[in-house]
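Q: sequence isn't available, so here's the structure alone:
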Ligand SMILES: Cc1cc2nc3c(=O)[nH]c(=O)nc-3n(C[C@H](O)[C@H](O)[C@H](O)COP(=O)(O)O)c2cc1C
């Protein structure tokens with residue numbers, strides 16, 4: 001993955017290391033996150049997967065969100081994600097059925113985790 005941020009460490013007068021970070025683009029670690037999703041000012045719970053979908057050998061990293069209890073077409077709409085906590089690693093599943101079962105478990109977990 002590309003360099004995602006530029007970190008510059010400088011020594012302050014008292015001798016301690018001070019870090020000044022200029023973030024260019026910060027991508028969280030691959031995995032599944034319990035999140036809030038803001039759509040048109042309304043807040044929903046979401047299951048977010050960040051990564052390369054190893055089950056399908058996708059090469060480019062993507063951010064994919066499943067919005068809980070939501071059934072509208074929001075194609076091309078801007079949404080805002082608030083990642084609350086990382087619940088697991090993104091892994092390779094032996095088949096689609098196993099992946100679907102895990103996503104269903106993730107959704108239940110997130111439903112209970114977020115208020
Ligand atoms: C909550 C969530 C968790 C996911 N976890 C994984 C995972 O662990 N491994 C994986 O290969 N893909 C994972 N995916 C991605 C799925 O592979 C993807 O949703 C599915 O393949 C459909 O992709 P498509 O819409 O590009 O066809 C996850 C997706 C979601 C929404």
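A: All right, it came through fine. On a predicted model such as this, the values are computed, not experimentally measured, just so you know.

Q: neighbours of residue 26, how many?
A: The burial metric for residue 26, expressed as a neighbour count using other CB atoms under 10 Å, is 8. In this view, the C-beta of every residue, glycine as well, is placed from N, C-alpha and C.

Q: how close does it get to residue 83?
A: The spacing between residue 26 and residue 83, counted by CB to CB, to the nearest Å, is 11 Å.

Q: again, but for residue 77
A: 19 Å.

Q: kindly report the same for residue 37.
A: Note on residue 37: its distance to residue 83, by CB to CB, is 10 Å.

Q: more neighbours, the two?
A: Per other CB under 10 Å, whichever of residue 37 and residue 83 has more neighbours is residue 37, with 21 against 15.

Q: thought residue 88 was touching residue 32?
A: Yes - applying CB atoms under 8 Å, one finds residue 88 in contact with residue 32, separated by 5.0 Å.

Q: of the two, which one has the most company?
A: For residue 88 and residue 32, the more surrounded residue by other CB under 10 Å is residue 32, and the numbers stand at 23 against 13.

Q: name the residues of the strand or helix carrying the more buried one that come out as buried.
A: Secondary structure assigned from DSSP states H and E places residue 32 in strand 31-39. Using 16 or more other CB atoms under 10 Å as the test for burial, strand 31-39 gives 31-37, 39.

Q: mind listing residues that contact stretch 28-35?
A: Contacts of stretch 28-35 from elsewhere in the structure, counted by CB atoms under 8 Å, 6 or more residues apart in numbering, are 45-52, 61, 65, 81-90, 106, 109-110, 113-114.

Q: kindly report the same for stretch 100-115.
A: For stretch 100-115, the external contacting residues (CB under 8 Å, 6+ apart) are 32, 34-36, 45-47, 66, 68, 84-85, 87-88, 93.

Q: ok, 7 Å please
A: By CB atoms under 7 Å, 6 or more residues apart in numbering, the list of residues contacting stretch 100-115 from outside reads 32, 34, 36, 45, 47, 66, 68, 84, 87, 93.
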